[in-house]
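Colleague: Requesting a structural model of the entry that follows:
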Amino acid sequence: MFKSGLYAITDNKLIKADRLIESVEQAIIGGAKIIQYRNKNQKEGIEQAQALCRLCQKYNRHFIINDDIALAQQIGADGVHIGKNDAKLEAARAILGEQAIIGVSCYNQLSLAQEAVNAGANYVAFGRFFSSHTKPQAVSCSIKVLQKARQMLKCPIVAIGGITPNNGAKLIAAGADSLAVIQGLFGQANITAAAQAYTQLFKENR
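Modeller: Sure thing, here's the model as predicted:
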């Protein structure tokens, strides 16, 4: 069962390797429900992912691997998140099994989301909704697309891209089940306090 709420995504440019576990734990303590591990450095990847997987099991949080199906299988992650240039959903499902959580980036395209749901995606992600530090060139998505997606789809919807505690409420109101955050969490001096601010949005807008 997908946990709605704050969806924290790691970034090895924002978080030093020796502070990764501590930083993610601070986000969890602040209320993060889902952790996605994103790191293109394969040498670091296995050890870090294993440690984060254990951390998420300790706190009963979902642990998702970005892109890397083999890594997700190797460490026993809860699932994987894939984009348009990654492996096909059907391949991920065949490798990871029916119990795995598989999310798909749909950018600003409702047709992609419908295809993903038809193929068995557990959640779909739209964005970027606002100016993004992490992916400034990412395609823009409007709140109207999010509203239409909520009307069309029964699966959980994740919003991503430049989301802050000041602008996140309107996305929840438009139908987002989760807010995916990178800079707004791991780029802050107090990660726990930042996570709490996002978590409060769900309490106030549900």
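Colleague: in the chain, which spans are strands?
Modeller: 5-9, 34-37, 62-66, 79-82, 101-107, 123-126, 157-160, 178-181 (DSSP state E).
Colleague: For the fourth one, the averaged confidence score.
Modeller: Per-residue pLDDT values across strand 79-82 average out to 96.
Colleague: and the residue nearest to residue 171 when sequence neighbours are not counted, how many residues sit next to it?
Modeller: Of all residues not flanking residue 171 in the chain, residue 159 sits nearest, at 4.4 Å (C-beta to C-beta, 6 or more residues apart in numbering). Every residue, glycine included, has its C-beta placed from N, CA and C. Burial of residue 159 is recorded as 28 neighbouring residues (other C-beta atoms under 10 Å).
Colleague: in the sheet, who's paired with residue 159?
Modeller: Beta-bridge partners of residue 159, counted by DSSP bridges, are residue 126, residue 179.
Colleague: Next one: it from residue 176, what distance?
Modeller: Going from residue 159 to residue 176 by C-beta to C-beta, to the nearest Å gives 4 Å.
Colleague: Overlap in contacts, those two.
Modeller: Here residue 159 and residue 176 have residue 146 as joint contacts, going by C-beta atoms under 8 Å, 6 or more residues apart in numbering.
Colleague: quick one: low-confidence parts of this structure?
Modeller: Counting by pLDDT under 70, the chain shows low-confidence ranges at 41-43, 86, 134.
Colleague: how many neighbours does the nearest residue to residue 38 once chain neighbours are set aside have?
Modeller: The spatial neighbour of residue 38 that comes closest, neighbours along the chain excluded (C-beta to C-beta, 6+ apart), is residue 66 at 4.0 Å. A count of neighbours around residue 66, defined by other C-beta under 10 Å, yields 20.
Colleague: 34 is where my numbering starts, stick with that
Modeller: New numbering, starting at 34: the last item is residue 99.
Colleague: Quick check: residue 99 touching residue 67?
Modeller: No: applying C-beta atoms under 8 Å as the test, residue 99 and residue 67 come out as separate, 11.9 Å apart.
Colleague: how near is residue 94 to residue 66?
Modeller: With distances defined as C-beta to C-beta, the gap from residue 94 to residue 66 amounts to 6 Å.
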